[in-house]
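J.: Give me the fold of what follows.
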Amino acid sequence: MSHLSVNHLLGIKQLNKNDIELILSTAANFKEVINRPIKKVPSLRDITVANLFFENSTRTRLSFELAQKRLSADVINFSASNSSVKKGETLVDTVNNILAMKVDMIVMRHASPGAAIYLSKKVNARIVNAGDGAHEHPTQALLDAFSMQEKLGNLKGKKIVIVGDILHSRVALSNIFCLQKLGAQVKVCGPLTLIPKHITSLGVQVETDLVKALEWCDVANMLRIQLERQDIRYFPSLREYTMMYGLNKEILDSLSKKIVVMHPGPINRGVEITSDVADSKQSIILEQVENGVAVRMAVMFLLAGRQGS
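T.: Numbers count the residues shown, from 1 in each chain. Have a look, this model is predicted:
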């Protein structure tokens, strides 16, 4: 069996192209498994996985938990809102207490960028980053790439535009790293106030006109406006943002070619994307959710294979 070059999944930045391709090909095998009548495999039997979520999550948390159960792992769930973190316990103490219960792998979402990297240096367990602040969200980027490959085949030379709140999005950064490593061209589109100042240094083009960006691309990945991370107003109003950067059926149908529409969720319907676009044949939003389980199964299976190395 091929192996990953890393012991943890902390971010796409730490992976090489072979790692990404190995995860995606393993995910394709697991997708076939989860569509069988008997969906369970004993691949992670006797492995205990702790899900540590210090931030709210619906899809990612359920997806990881389902992936763990499909692999026959033992699962413990931790939510910061009803834990000793509220009493002032540090991240390392929290995790060491959980590890004392003999946990092999930790899936963690945290509000602080770099939390997963910090943790990987402090504890002796495999770490999977389920999102750290506005830094990275590697499994989302992998499932997005997997979904694009299913639809378009090889991504080399394909044109992907990421639209919306690039500044506060961990999905955008992970997607940029992942797509570039797979040979795709990436453009970002949104109000200049929501585009990081030095993003062009990553080899990404910037476009402020939504229709021009959509005419250029093969895939449009629509991001939501992350109001919970915004401490100042970056644009006059949601209504004005929607007028400039909201994707509706009228715009979609006016394009010279059919493009693929994606969204990492949760969707703010009527803001960045309208219901008729989200539910259209060009949208692969629900396929992304299904593929998320297969990709996360692949990640945990491959990391467990590095246990002890």
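J.: can you pull the contacts of T208?
T.: T208 makes contact with 189-192, according to C-beta atoms under 8 Å, 6 or more residues apart in numbering. Where you see a C-beta, it was placed from the backbone N, CA and C, and this is true even at glycine.
J.: quick one: contacts for the spatially most central residue of the chain?
T.: Closest to where the C-alpha atoms of the chain average out (C-alpha atoms, centre = their mean) is Q140, at 1.6 Å. By C-beta under 8 Å, 6+ apart, Q140 lies in contact with 60, 131, 170-171, 174-175, 264, 292.
J.: could you list every residue that touches R45?
T.: 72-73.
J.: Could you tell me the per-residue confidence at it?
T.: Here, the pLDDT recorded for R45 equals 95.
J.: what about the lengthiest helix in the chain, average pLDDT?
T.: The single longest helix within the chain, with elements called by DSSP state H, is helix 285-304. In this model, helix 285-304 has a mean pLDDT of 97.
J.: out of the contacts of Q140, which is most surrounded?
T.: The most crowded member of these, judged by other C-beta atoms under 10 Å, is N175 (30 neighbours).
J.: going on from the helix or strand hosting it, what's the next piece of helix or strand?
T.: Using DSSP states H and E, N175 sits within helix 170-181. Downstream of helix 170-181, the next assigned helix or strand under DSSP H and E is strand 185-189.
J.: So for the very next helix or strand once past that following strand, what gets flagged as buried?
T.: Using DSSP H and E, the helix or strand that follows strand 185-189 in sequence is strand 205-207. If you call a residue buried by 16 or more other C-beta atoms under 10 Å, then strand 205-207 has these buried ones: E207.
J.: how about low-confidence regions in the chain?
T.: For the chain, applying pLDDT under 70 flags the ranges 1, 82-87, 227-232, 307-309.
J.: What ranges does it have for its helices?
T.: For the chain, helices defined by DSSP H occupy the ranges 17-34, 59-70, 91-99, 115-122, 138-152, 170-181, 210-216, 238-245, 249-254, 275-278, 285-304.
J.: What is the third one packed up against?
T.: Under the contact criterion of 3 or more C-beta pairs under 8 Å, 6 or more residues apart in numbering; DSSP states H and E, helix 91-99 touches strand 48-53, strand 74-79, strand 105-110, helix 115-122.
J.: The ones you listed: which one's closest to Y245?
T.: With C-beta to C-beta, the closest approach to Y245 among these belongs to strand 105-110: 26.8 Å.
J.: who touches the closest one?
T.: 47-55, 57, 60-61, 64, 73, 91, 95, 98, 115-116, 119, 123, 125-133, 300, 303-304.
J.: circling back to that earlier point, compare the contacts of T208 and tell me which has the most neighbours.
T.: Within the contacts of T208, neighbour counts (other C-beta under 10 Å) peak at G190, which reaches 28 neighbours.
J.: That one against H168, yeah?
T.: No: G190 lies out of contact with H168 (C-beta atoms under 8 Å); the separation is 10.8 Å.
J.: Mind putting the contacts of T208 into TSV with distance to N248?
T.: Output for these, formatted as TSV (distance: C-beta to C-beta, whole Å):
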residue	distance to N248
C189	15
G190	16
P191	18
L192	22
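J.: Could you export the helices of the chain as CSV, including distance to S5?
T.: Listed next are the helices of the chain as CSV, based on distance: least, C-beta to C-beta, whole Å:
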stretch, distance to S5
helix 17-34, 6
helix 59-70, 22
helix 91-99, 24
helix 115-122, 15
helix 138-152, 14
helix 170-181, 13
helix 210-216, 33
helix 238-245, 38
helix 249-254, 40
helix 275-278, 37
helix 285-304, 11
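J.: Which of those helices sits closest to R269?
T.: It is, among the helices of the chain and with distance given as C-beta to C-beta, helix 275-278, at 5.1 Å.
J.: can I have the closest one written out in CSV, keeping just the CAs?
T.: Coordinates of each C-alpha in helix 275-278 appear next as CSV, following Å, rounded to 0.1, in the frame of the first residue of the first chain:
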residue,chain,number,x,y,z
SER,A,275,-32.3,28.7,-4.6
ASP,A,276,-32.9,28.0,-8.3
VAL,A,277,-29.1,27.9,-8.8
ALA,A,278,-28.3,25.8,-5.7
